[in-house]
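In: Build me a structure from this.
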Amino acid sequence: TNHHILFADCSLKAKNVSASVLPSFNNLIIDEAHDAEDSATTFFGVSVSKRMIEEWIYDCLREIQPEKRHRRKSAITEEVERFFTSFADIPERRKLNIEEISLAKNNLNSMISSLSNFHASLEKKIPEDIFIGLYERLKNISESLSFIIEEETRDYVKSIEKRNSNVVLSASPINVGNLIRETLVSKMKSLILTSATLSVNDSFDYISKRLGINADFHSIRIESPFDFGSQGLFFIPDSFPDPNSEEFLPNAIATIKSLIDFSNGRAFVLCTSIKNMKAIYEILKNDTRFPIFIQGDMPKGALLKEFREKGNAILVATSSFWQGVDVQGEALSLVVLDKIPFASPSEPLVEARIQELKEKGEDPFNLYQLPMAAMILKQGMGRLIRSKTDKGVVACLDSRLITKGYGKRMLKSLPPFPVTHSLDLVKSFFSRLK
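Out: Numbering: from 1, shown residues only. Have a look, this model is predicted:
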């Protein structure tokens, strides 16, 4: 089922409102269930962006006479700017601190009062349906900001994120499994979860716990229809700089160049960070004979269409291309993964979930961080073999897969490609495909 529709419906039920997105149901199949926790986190959480407020103001201003717009806009946007200046030093994303929340409370009340007064001044001057629609949007903004800034709860992590010129405030549930169990799992006669990447080390314990499913469930693993032994190869360098060292990226780029030459382009280079994606792209675009694209050049669908049509292109991308992307045939014969995709422990939601497990006396690395990374790594590798006729090489430039005990355990969860540490064998593999 569509995760967004499903969890939008669940979030309404959690709020005990009479409205619903879906009709009543007792039996459910969730495909691509490895994504369910992230989708549920989005819909059980709340978020408000600066742009969302600015768009509301713009829609209000469209309804009044042009000569009055500038004066009204200046007064309102001043309150919005004052509220967002409550937050200093906004990186890509970080946790809100107590001092700025305290400052934001006063500025929030002033901003909402100003927006409400502006909206009230439009009554009887604009069509009623538009007036009501603007009211509902403002109510949602006000309630969401009040929850983020004023509500004191240990069950949610509050964060702020800068996205280009936009600023996003959000509150995300730390343990979304409890909410999924209460609003969905406990109400089902039957619930089936499916995905190619649900198990870790032949176990479904990780996904069941994350989604609030108790131990009383049946599981089955169905072997892949693909012959990984003959269709592909998995390259892992056995002697490589640590992924966190300064030497890693130059060595990774040099290795990627060699791999791309062997494969004659036809490659995805999937990165674990935007920083790495940009650095790799900047070097490759000036030092390759193949067409090269980077995520963000154009919409995702258009980018994939261009990639397929070129037939020998390179696409450098990050998280959104690790899954849900299907390029069958010879246009894709090499998938390079820069590192094991561990979530950053400083990311606010990850940090909060790690802390929650520690407080329970549990091991966050083995119970949360490692299995989550294994599932994402499996998804990334899955971009290569999409049919019984596809052939190619997956490369992961993170030698921890073979030098660390956890890496060796992680390998057991991955598609059973033959593993090599030799670039010469990779070259020979591609030579046989010609």
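
In: For the chain, give me the ranges with low pLDDT.
Out: In the predicted model of the chain, residues 1, 17-18, 65-71, 215 satisfy pLDDT under 70.

In: Could you pull out the strands in it for me?
Out: For the chain, the strands identified by DSSP state E occupy 27-30, 46-49, 93-95, 156-163, 166-173, 190-193, 232-235, 267-270, 292-294, 314-317, 334-337, 392-396, 419-420, in order along the chain.

In: Okay, now the sheet partners of the fifth one, with direction.
Out: Think strand 166-173. For strand 166-173, the paired strands and their directions (DSSP bridges) read strand 46-49 (antiparallel), strand 156-163 (antiparallel).

In: same deal with the shortest one?
Out: Strands flanking strand 419-420 in the sheet, each with its direction: strand 232-235 (parallel) (DSSP bridges).

In: Same check on the first one?
Out: Applying DSSP bridges, strand 27-30 is found paired with strand 190-193 (parallel).

In: Tell me, how many residues neighbour residue 152?
Out: Other residues near residue 152 come to 6 when the count uses other C-beta atoms under 10 Å. (Each C-beta comes from the backbone N, C-alpha and C, glycine too.)

In: Need phi/psi at it.
Out: phi -100, psi 110 (degrees, to the nearest 10).

In: Residue 20 too?
Out: Note on residue 20: backbone dihedrals following degrees, to the nearest 10 are phi -150, psi 160.

In: what sits against it?
Out: The contact partners of residue 20, taken as C-beta atoms under 8 Å, 6 or more residues apart in numbering, are 9, 12, 13.

In: how many other residues sit next to the second one?
Out: To tie it back to what came earlier, the one meant is residue 12. A total of 17 residues lie near residue 12 under the criterion other C-beta under 10 Å.

In: from memory it sits against residue 19, does it?
Out: Yes. Under the criterion of C-beta atoms under 8 Å, residue 12 lies in contact with residue 19, with a separation of 5.7 Å.

In: Please enumerate the helices of the stretch 101-250 of the chain.
Out: Counting by DSSP state H, counting those that start in this stretch, one finds helices in the stretch 101-250 of the chain at the ranges 128-149, 176-183, 205-210, 228-231, 248-263.

In: The strands paired with strand 166-173: which one's closest to residue 149?
Out: Within the strands paired with strand 166-173, the stretch nearest residue 149 is strand 156-163; the backing value is 8.0 Å (C-beta to C-beta).

In: Could you list the buried residues of the closest one?
Out: By neighbour count with 16 or more other C-beta atoms under 10 Å, strand 156-163 contains the buried residues 156, 157, 158, 159, 160, 161, 162.

In: Just put the strands of the chain in TSV and tack on distance to residue 358.
Out: Formatted as TSV, the entries for the strands of the chain read as follows, by distance: least, C-beta to C-beta, whole Å:
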stretch	distance to residue 358
strand 27-30	29
strand 46-49	26
strand 93-95	16
strand 156-163	15
strand 166-173	18
strand 190-193	27
strand 232-235	34
strand 267-270	31
strand 292-294	38
strand 314-317	33
strand 334-337	29
strand 392-396	29
strand 419-420	34
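
In: thinking again about what came up before, can the strands paired with strand 166-173 go into TSV with extra columns for distance to residue 314?
Out: Formatted as TSV, these follow (distance: least, C-beta to C-beta, whole Å):
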stretch	distance to residue 314
strand 46-49	33
strand 156-163	26
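
In: so which of those gets nearest residue 129?
Out: Taking C-beta to C-beta, strand 46-49 is the member of those nearest to residue 129, at 23.8 Å.

In: Quick one: distance of that closest one to the chain centre.
Out: Relative to the mean C-alpha coordinate of its chain, strand 46-49 is positioned 16 Å out (C-alpha atoms, centre = their mean, to the nearest Å).

In: For the spatially closest residue to residue 263 that is not a sequence neighbour, give me its contacts.
Out: Setting aside the residues directly before and after it, residue 263 is nearest to residue 334 in space (C-beta to C-beta, 6 or more residues apart in numbering), at 4.0 Å. Each residue near residue 334 by C-beta under 8 Å, 6+ apart is listed here: 259, 260, 262, 263, 266, 267, 268, 384, 392, 393, 394, 395.

In: quick one: which of the residues you listed has the most company?
Out: Within these, residue 267 tops the neighbour count with 30 neighbours, counted by other C-beta under 10 Å.

In: need the contact list for it.
Out: Contact criterion C-beta under 8 Å, 6+ apart gives 259, 260, 313, 314, 315, 332, 333, 334, 335, 336 as the residues in contact with residue 267.
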